[in-house]
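S.K.: Model the structure of this input:
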Amino acid sequence: MNEIIRNIEAAQLKAEVPQFCVGDTVRVHAMIKEGTRERIQVFEGTVLKKQGGSTRATFTVRKNSGGIGVEKTWPLHSPHVVKVEVIRRGKVRRAKLNYLRDRVGKSAKVKERVK
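M.R.: Coordinates of the predicted model:
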């Protein structure tokens, strides 16, 4: 039974998975369906966490919209996530950036990683 589930999940994986880390500022292009029409909506923010593996892998992105923090969680291998662009790389020392939820303004920013 376990082998059957593994085969089904392997068929649903994306061929090219975007490479980004926690702390990066990303632009997520998501497919939105409204009635009979479909459109692509862009959500730009900081990656707070990545979790899970295989087809269950998800990532959470947070942005400030009108002074209010907005977080969205997407499955990494979802067909609704069209593209994930990395805008800038962040320098962090944590796997999950939950402390950013309490911060406002400049203290909510992540330093940029310089190569």
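S.K.: contacting residues for the closest residue to residue 90 other than its chain neighbours?
M.R.: Nearest in space to residue 90, with sequence neighbours left out and distances taken as Cβ to Cβ, 6 or more residues apart in numbering, is residue 23 at 2.9 Å. Quick note: C-beta positions are derived from backbone N, CA and C, even for glycine. The neighbourhood of residue 23, defined by Cβ atoms under 8 Å, 6 or more residues apart in numbering, consists of 46-47, 89-92, 97, 110, 113.
S.K.: Please check those residues and keep the buried ones.
M.R.: The neighbour-count test (16 or more other Cβ atoms under 10 Å) applied to those identifies 46-47, 89-90, 92, 97, 110 as buried.
S.K.: Pick the one among these closest to residue 29.
M.R.: Nearest to residue 29 among the buried ones among the contacts of residue 23 is residue 47, at 14.9 Å by Cβ to Cβ.
S.K.: Tell me the confidence at residue 1?
M.R.: As predicted, residue 1 sits at a pLDDT of 69.
S.K.: now do the one 5 residues further on
M.R.: Per-residue confidence (pLDDT) for residue 6: 85.
S.K.: Determine whether the claim that it is in a helix is correct.
M.R.: Yes. With the criterion set as DSSP: H, G, I helix; E, B strand; the rest coil, the secondary structure at residue 6 is a helix.
S.K.: ok, it to residue 39 distance?
M.R.: Here the criterion is Cβ to Cβ, to the nearest Å. By it, residue 6 lies 35 Å from residue 39.
S.K.: element containing residue 9?
M.R.: Using DSSP states H and E, residue 9 falls within helix 2-12.
S.K.: ok, now residue 63?
M.R.: strand 58-65.
S.K.: and that strand, C-alpha only, in PDB?
M.R.: Presented in PDB, the C-alpha positions along strand 58-65 are these (Å, rounded to 0.1, in the frame of the first residue of the first chain):
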ATOM      1  CA  THR A  58       4.400  24.200   1.800                       C
ATOM      2  CA  PHE A  59       5.800  27.700   2.200                       C
ATOM      3  CA  THR A  60       4.400  30.700   4.000                       C
ATOM      4  CA  VAL A  61       4.900  34.300   2.700                       C
ATOM      5  CA  ARG A  62       4.100  37.400   4.700                       C
ATOM      6  CA  LYS A  63       3.600  41.000   3.500                       C
ATOM      7  CA  ASN A  64       2.300  44.300   4.900                       C
ATOM      8  CA  SER A  65      -0.700  45.500   3.100                       C
END
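S.K.: Nice, that's everything, thank you.
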